[in-house]
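Trainee: Curious how this folds, go ahead:
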Amino acid sequence: MKRIAVLLTMLVIAFASMTSIANADTYKQLEKKNTRYLMCKNNNEGATATIEFWVTYYSPELWKLHKENNKVTKTDSASDFLTTLRDEQLVVFKIRIDNNAYPIQLNPLNSFVTLRVDKKTFKSEESDLILSREFQGENEGYIYFSRIDKKTGKDIFKNAKHIWLELSYAISPVMEGKSPRLMWNL
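Mentor: The predicted structure follows:
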């Protein structure tokens, strides 16, 4: 009897491990598929200055897998915005910046990053505080938008085919007056 109980316990653990590994693989594949890359380069005065962006759109499915894989989503958020909304009401982006140029400070972040859905633009509601501090080198954090339009109370993604994350040229002199857009199909 004890052998059967031990065997059943081992089978349950093995099944849970396989499910966890499958979720991790799916998570990594979705994360890679939803990541966009952008590099800005300035070759003035003989030295090359670059700023690189890796931006990942966390679709509701990817956000759910992210939370399952990380158990607790660490955030360095300043307000209760994240606790007042359910996951399906969030639009989440992870942004990683490698700044090999002058130090930059993205404060307030919502003046540098805008979400565009069709012809409407939206400012971020919240972001990790680490993104607002002055830095040179690598930095990474999350940007959160509300999926519900404050003016209409409707889902901003309803009938939308594409979304864009627009980055302001004011982020860095290396961007040379260009405001790039990164696009995702819904």
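
Trainee: helices and strands of the chain: which one bottoms out on pLDDT?
Mentor: helix 81-84 (a mean of 54; mean pLDDT, DSSP states H and E).

Trainee: what kind of secondary structure is Lys32 in?
Mentor: Classification of Lys32 by DSSP: H, G, I helix; E, B strand; the rest coil places it in helix.

Trainee: Just give the strands next to the biggest strand by length in the chain in its sheet, each with its orientation.
Mentor: If you go by DSSP state E, the chain has its longest strand at strand 90-104. According to DSSP bridges, strand 90-104 has the following sheet partners: strand 49-58 (antiparallel), strand 135-146 (antiparallel).

Trainee: And for that strand, what's in contact with it?
Mentor: 42, 49-58, 63, 82, 113, 115, 131, 134-147, 156-157, 163, 165, 171-174 (CB atoms under 8 Å, 6 or more residues apart in numbering). The way it works is simple: take the backbone N, C-alpha and C, and place the C-beta from them, glycine included.

Trainee: from the residues you listed, which would you call buried?
Mentor: 42, 49, 51, 53-58, 63, 82, 113, 115, 131, 139, 141-147, 156, 163, 165, 171-174 (16 or more other CB atoms under 10 Å).

Trainee: how many degrees apart are the following helix or strand past the longest strand of the chain and strand 90-104 in direction?
Mentor: Next along the chain after strand 90-104, taking DSSP states H and E as the criterion, comes strand 113-117. Orientation note: strand 113-117 sits at an angle of 140 degrees relative to strand 90-104 (axes from the mean of the first three to the mean of the last three CA atoms, to 10 degrees).
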